[in-house]
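Enquirer: Take a look and give me a structure for this.
(2 chains)
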Amino acid sequence: MELSVKPLKQVDVVSVTGRVDSSNSGEFETALKGLLARGRHKLVLDFEQLDYISSSGLRTMVTALKGARNSGGDVVIVKANDKIRDTLSLVGFQSLFVQYDNLLDAVDAF
Amino acid sequence: MSKIQRFTAPARFDQLQHIAALAVEAAKQVGFDATQQSRIELAIDEACSNIIEHAYAGEAGQIYIEVETEPNHYLRIVLSDTGRIFAPDQIPIYVPCTPATDVASLKVGGLGLHLMRQTMDDVCFEFNVPGHRGVFNRLTMIKRL
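Expert: Residues are numbered from 1 along each chain as shown, chains lettered A, B, ... in the order given. A predicted model of the protein is given here:
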């Protein structure tokens, strides 16, 4: 897994590449918690290059969402592929996270 | 005619991708489509993660993997370990989110087991099963085409 965080307008875009599973979800968690701790609570998860996510990554997403909304912000998803969308649907996360096909639409939604 | 393959992997998180790849290959042999292959990958990943985290709790151990494939019919995966037993009925039942879900009170316990049960047709836990090398915990998951 590779992670990058880039500010764009008023949000932070967290791009995740590769797989998020129990072997590396800690890094994902650390990155999101770090942003929230610095008061950055408008987050766009760029999943265009995300191949796979398991429950450990999903739990991290929920923790981040709770923290973001608690501070008046949100976490949204952009460009999840069919496999990731299927995983999200298995746990009902399409009801939690707004998903966008375009990064600028996701950013402008805030 | 079904085919059975057996593997052993160290119970470490860095083995998850390798183990999942075995399951995906077996799923292809049965004839599952890409969506079902990725769901099967999820199931075995979640199951092995639970074995590593809970059955062995970070201690050294092995995961014994048996994969049975019958093309155009079914995939059966059996994961055995010699770790701690647990009570599946004590695992929280994850309730999938809906538009009415209150995020602040959302609980995500049992997410892994939920994914296993959503993606596989049968999920069966057995504990203290005698084997020729000792006593095992055994998880059998079946997916039918």
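
Enquirer: And the helices in chain A?
Expert: Using DSSP state H, the helices of chain A run over A:25-37, A:55-70, A:82-90, A:103-108.

Enquirer: To B:Ala100, which of these lies closest?
Expert: For B:Ala100, the closest of the helices of chain A is helix A:55-70, at 15.6 Å, according to C-beta to C-beta. Backbone N, C-alpha and C define where each C-beta goes, glycine included.

Enquirer: if we can go back for a sec, got the helices of chain A as TSV, with mean neighbour count and mean pLDDT columns?
Expert: Output for those, formatted as TSV (neighbours: other C-beta atoms under 10 Å in any protein chain shown; pLDDT from 0 to 100):
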stretch	mean neighbour count	mean pLDDT
helix A:25-37	17	96
helix A:55-70	20	97
helix A:82-90	18	97
helix A:103-108	16	95
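
Enquirer: Packing partners of the lengthiest strand in chain A?
Expert: Ordering each strand of chain A by length in residues (DSSP state E) puts strand A:11-20 first. Other elements packing on strand A:11-20 under the criterion 3 or more C-beta pairs under 8 Å, 6 or more residues apart in numbering or on different chains; DSSP states H and E are strand A:2-8, helix A:25-37, strand A:42-46, strand A:50-53, helix A:55-70, helix A:103-108.

Enquirer: and the fourth one, which strands flank it?
Expert: Strand A:50-53 has the following strand partners under DSSP bridges: strand A:11-20 (parallel).

Enquirer: Any buried residues in the strand it pairs with, and which?
Expert: Residues of strand A:11-20 classed as buried by neighbour count (16 or more other C-beta atoms under 10 Å in any protein chain shown): A:11-16, A:19-20.

Enquirer: for chain B, what are the nearby residues on chain A?
Expert: Counting by C-beta under 8 Å from any C-beta of the partner chain, chain A comes close to chain B at A:19, A:21-23, A:52, A:54-56, A:58-59, A:62, A:65-66, A:69-70, A:82-83, A:86-87, A:90-93, A:95-96.

Enquirer: what's the single longest helix in chain B?
Expert: Under DSSP H, chain B gives helix B:34-50 as its longest helix.

Enquirer: Now that one - C-alpha only, CSV.
Expert: Output of helix B:34-50 as CSV, limited to C-alpha atoms (Å, rounded to 0.1, in the frame of the first residue of the first chain):
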residue,chain,number,x,y,z
ALA,B,34,-14.5,-11.5,-11.1
THR,B,35,-17.0,-10.3,-8.5
GLN,B,36,-17.3,-13.7,-6.8
GLN,B,37,-13.6,-14.2,-7.0
SER,B,38,-13.0,-10.9,-5.1
ARG,B,39,-15.7,-11.9,-2.5
ILE,B,40,-14.0,-15.2,-2.0
GLU,B,41,-10.7,-13.4,-1.6
LEU,B,42,-12.4,-11.3,1.1
ALA,B,43,-13.7,-14.3,3.0
ILE,B,44,-10.4,-16.1,3.2
ASP,B,45,-8.6,-12.9,4.1
GLU,B,46,-11.0,-12.2,6.9
ALA,B,47,-10.9,-15.8,8.2
CYS,B,48,-7.1,-15.9,8.2
SER,B,49,-6.9,-12.4,9.8
ASN,B,50,-9.1,-13.7,12.6
